[in-house]
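**Q** this one's structure only:
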């Protein structure tokens with residue numbers, strides 16, 4: 001069985017490539033502020049042409065770089081504009097799960113969409129959510145004037161050699177056009 005990284009990438013990259021192709025991207029939002037998480041997302045996105053990648057982290061002790069945005073990726077206080085790609089790999093400790101659920105996910109997604117399309121040169125946002133907190137799928141719907149297109153929801157399985165155990169988690173993907 002594949003590693004978590006490879007299992008996700010096998011679904012992630014074809015979906016992202018289908019909608020974003022080889023276009024130069026503006027901003028990418030991802031999760032994880034630890035050294036390992038930042039390196040994994042840099043590797044995952046190394047073949048993409050983009051201006052900025054922003055790493056979000058809720059748990060202060062996991063923010064190992066000053067550039068990490070210490071906010072809820074699904075409900076940011078200071079949302080980024082001109083976003084073409086969001087990969088919210090959400091989960092972790094009980095503290096993280098509680099913080100993720102403090103605010104309305106639907107309100108947060110509306111806020112994200114509005115800001116992502118501000119000065120968005122491509123007029124497109126590809127949003128992937130890897131659910132480690134046990135919420136129902138929420139991306140395949142209409143948010144204000146933004147209606148989701150080409151939605152998928154798939155269980156991703158992988159083998160964790162460190163724990164000698166197999167795991168499964170849901171990955172949702174959607175594309176929104178302006």
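**A** Structure's in. What do you need? This one's a predicted model, so the numbers in the text were calculated from it and none came from an experiment.

**Q** what residues of stretch 63-71 count as buried?
**A** Neighbour-count burial for stretch 63-71 flags 63, 68-69, 71 (criterion: 16 or more other CB atoms under 10 Å). To be clear about C-beta, it is placed using only N, CA and C from the backbone, and glycine gets the same treatment.

**Q** which residues touch it?
**A** 33-35, 38, 54-58, 60, 76-78 (CB atoms under 8 Å, 6 or more residues apart in numbering).

**Q** what is the nearest of those to residue 123?
**A** residue 54 (20.1 Å; CB to CB).

**Q** one step back: and the furthest pair within the buried residues of stretch 63-71?
**A** So, the buried residues of stretch 63-71 by CB to CB: farthest apart are 63 and 71, at 10.6 Å.

**Q** so how far is the longest strand seen in the chain off the chain centroid?
**A** The longest strand of the chain (DSSP state E) is strand 146-160. Averaging C-alpha positions (CA atoms, centre = their mean, to the nearest Å) puts strand 146-160 11 Å from its chain's average.

**Q** what ranges do the helices span in the chain?
**A** Assigned by DSSP state H, the chain shows helices spanning 4-20, 35-44, 94-100, 105-116.

**Q** and the contacts of the third one?
**A** Taking CB under 8 Å, 6+ apart as the criterion, the residues outside helix 94-100 that touch it are 58-59, 72, 74, 90-91, 132-133.
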